[in-house]
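Peer 1: The following comprises the amino acid sequence and a computationally predicted model.
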Amino acid sequence: MATVGGFLVVAMVLAALFAPALAPHDPAAADPRPESILLPPGPGGVMGTDELGRDLFSRMVYGGRVSLSVGLIAVGISLLIGLTVGAIAGYFGGWVDSALMRFTEMVMIFPAFYFILMVLAFLGPSLRNVMVVIGIFSWPGLCRLVRAEFLSLREREYVLAARSLGAGHLRLIRRHILPNALAPVFVYATLAVGGAILVESSISFLGLGAQPPTASWGNIIAAGRHYVESAWWMTLFPGLAILVTVLSYNLLGEGLRDRLDPRLREGRDGKSARG
């Protein structure tokens, strides 16, 4: 299943990169002719057309580019903040750890999705704001994970040996601790991309994300909700795209966790041996 998830992730990334070559029409080009509006899937279009006569397949391909970009950039911002705060807290410990963890818990108190909506309502709807806000409010979980890894790794023999040889704080963190703490970070980041895409789709559905005529899976569903009975394809295809994307990243993350976590691997090998 992890292989299937990885294959789907690669396929979606390639589709987003080569969207101009894959999309047969301009995703924002409307066709006002009555015979071109709300066409079902068929010869007129693989996924039909929307209420403005726009080709839905073209909008889906470009919408995937938007959703994946938001997910990756938001997770990148989250990684930057979470790694920095978690590394400092876990490495230095003491009052530094206590202060940073109290701050992290304060951020975790807020219901993230509703707080994101509030901030976007104040800043205004735009993709840039969506990326930044999602990244800023999704780092506490990663921070706690990195902190736990640093608390464990800073007491290992090779770190103590490097410290006794005169290695400074920055060198210890950069060369000896951080590389050994990255395995769970990769797993977390993979799972977080799917979550960020889901949040972006929800925000765009509510009208605070990508603004028309920019295509996003969320605003395609928002437009299609008025035509659920007469044009089911407008909600079915973007909904399936969100489902498959999030599921693919989750499967890939679970597979990475099984491969990178030695405890899970040892437990699996032990069960195989007993079997």
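Peer 2: That came in fine, so what should we check first?

Peer 1: At which residues are the strands of the stretch 151-275 of the chain located?
Peer 2: Assigned by DSSP state E, counting those that start in this stretch, the stretch 151-275 of the chain shows no strands.

Peer 1: What residues sit buried inside stretch 70-81?
Peer 2: Val70, Gly71, Leu72, Ile73, Ala74, Val75, Ile77, Ser78, Leu79, Ile81 (16 or more other C-beta atoms under 10 Å). For the C-beta atoms, the positions are set from N, CA and C on the backbone; glycine is no exception.

Peer 1: What is the subsequent helix or strand relative to the helix or strand hosting the fourth one?
Peer 2: Under DSSP states H and E, the secondary-structure element containing Ile73 is helix 56-92. The first helix or strand that comes after helix 56-92 along the chain, using DSSP H and E, is helix 94-109.

Peer 1: Just put the buried residues of stretch 70-81 in TSV and tack on distance to Ala162 and pLDDT.
Peer 2: Shown next, in TSV, are these (distance: C-beta to C-beta, whole Å; pLDDT from 0 to 100):
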residue	distance to Ala162	pLDDT
Val70	40	90
Gly71	37	89
Leu72	34	90
Ile73	35	92
Ala74	35	92
Val75	31	93
Ile77	31	94
Ser78	29	93
Leu79	25	94
Ile81	27	94
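
Peer 1: related to what we said a few turns ago, quick one: the helix holding Ile73 to helix 94-109, angle?
Peer 2: Counting by axes from the mean of the first three to the mean of the last three C-alpha atoms, to 10 degrees, helix 56-92 lies at 150 degrees to helix 94-109.

Peer 1: now for helix 56-92, which elements pack on it?
Peer 2: Applying 3 or more C-beta pairs under 8 Å, 6 or more residues apart in numbering; DSSP states H and E, one finds that helix 56-92 makes contact with helix 2-17, helix 19-22, helix 94-109, helix 127-136, helix 140-153, helix 178-205, helix 217-224, helix 233-260.

Peer 1: Dump stretch 3-16 to PDB, restricted to CA.
Peer 2: Coordinates of each C-alpha in stretch 3-16 appear next as PDB, following Å, rounded to 0.1, in the frame of the first residue of the first chain:
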ATOM      1  CA  THR A   3       4.200   1.700  -2.900                       C
ATOM      2  CA  VAL A   4       0.700   2.500  -4.300                       C
ATOM      3  CA  GLY A   5       0.700   5.700  -2.200                       C
ATOM      4  CA  GLY A   6       4.100   6.700  -3.400                       C
ATOM      5  CA  PHE A   7       3.200   6.000  -7.000                       C
ATOM      6  CA  LEU A   8       0.100   8.100  -6.800                       C
ATOM      7  CA  VAL A   9       2.000  10.900  -5.100                       C
ATOM      8  CA  VAL A  10       4.600  10.900  -7.900                       C
ATOM      9  CA  ALA A  11       1.800  10.800 -10.500                       C
ATOM     10  CA  MET A  12       0.000  13.800  -9.000                       C
ATOM     11  CA  VAL A  13       3.200  15.800  -8.700                       C
ATOM     12  CA  LEU A  14       4.100  15.100 -12.300                       C
ATOM     13  CA  ALA A  15       0.500  16.100 -13.400                       C
ATOM     14  CA  ALA A  16       0.900  19.400 -11.500                       C
END
